[in-house]
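Peer 1: need a structure here:
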Amino acid sequence: AMDPQQRLFLEHSWKALEDAAINPMTLSSSKCGVYVGATHGDYIRSMDTIDEPSAFWSNASSVLASRISYFLDLKGPALAVDTACSSSLVAIDIGCKSLQHGETDLVIAGGVTIFTTSDFYKPSSRAGMLSPTGQCYTFDKRADGFVPGEGVGVVIMKRLQDAQRDGDQIYGVIKGILSNQDGTTNGITAPSVISQKNLETELYRKYNIDPDVISYVETHGTGT
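Peer 2: Numbering: from 1, shown residues only. Sure, this is the predicted structure:
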């Protein structure tokens, strides 16, 4: 009766903690936050003939995050974040701020998307959003839509000084992170190059980052 999104995020949160050499059972009552980018799943559609009461909360996006906290007895915030394509990154942004503000000492952050029906594909196809060639041509005049992706990803985050103190393996350091919204554009699904440029410029200035030293840029398939 459980949405696969819940099961997979639970599974990969555990794997991420293992990879970080953290015994999950030692986190009870700790200020560990859970921030997950996810939208309401479509698995509930198959629950019509199932009388299992737990199907109610096992398909709720709010429980997707709080299930981790419940299972491990975590006392930090547990939030499911839905900002469409940027959900996972915004979840990481919120997690970073919670660490900076001392609200949490450890953060489990990431995202998950699993489609179990054609519910997403039908309306997005009618809206002309999907690429009929099944290919994203980012920053290219051949661009004719995007290709939906499915998967799950989880990272474990700490304040840098805490990770160094604990002798943790550090895969990367987030030097700066900011979020904004496009505001009014020529369509609610259309991005704003001006808003995105302003956000990048503000981040470079605030965190003293020289964009000339950036050697790798990852964007969403639509170029956002």
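Peer 1: for the longest helix seen in the chain, which positions count as buried?
Peer 2: For the chain, the longest helix by residue count, based on DSSP state H, is helix 4-19. For helix 4-19, burial by neighbour count (16 or more other Cβ atoms under 10 Å) applies to 4-10, 12-14, 16-17. In short, each C-beta sits where N, CA and C put it, glycine included.
Peer 1: How about stretch 125-136?
Peer 2: 130-131, 136.
Peer 1: the strands in the protein, which residues?
Peer 2: Ranges of strands within the chain are 32-37, 78-81, 106-113, 151-157, based on DSSP state E.
Peer 1: Of these, which is nearest Gln169?
Peer 2: In terms of Cβ to Cβ, the element of the strands of the chain nearest to Gln169 is strand 151-157, at 10.2 Å.
Peer 1: And the contacts of the closest one?
Peer 2: 5, 8-9, 12-13, 15-17, 19-20, 22, 88, 92, 95-96, 99, 106-114, 171, 174 (Cβ atoms under 8 Å, 6 or more residues apart in numbering).
Peer 1: any idea how far the longest helix of the chain is from the chain center?
Peer 2: 13 Å (Cα atoms, centre = their mean, to the nearest Å).
Peer 1: swap in stretch 158-177?
Peer 2: With Cα atoms, centre = their mean, you get 19 Å for stretch 158-177.
Peer 1: Tell me which residues are up against it.
Peer 2: With Cβ under 8 Å, 6+ apart, stretch 158-177 has contacts from 20-21, 92-93, 96, 99-100, 105-107, 155, 157, 203, 206-207, 209.
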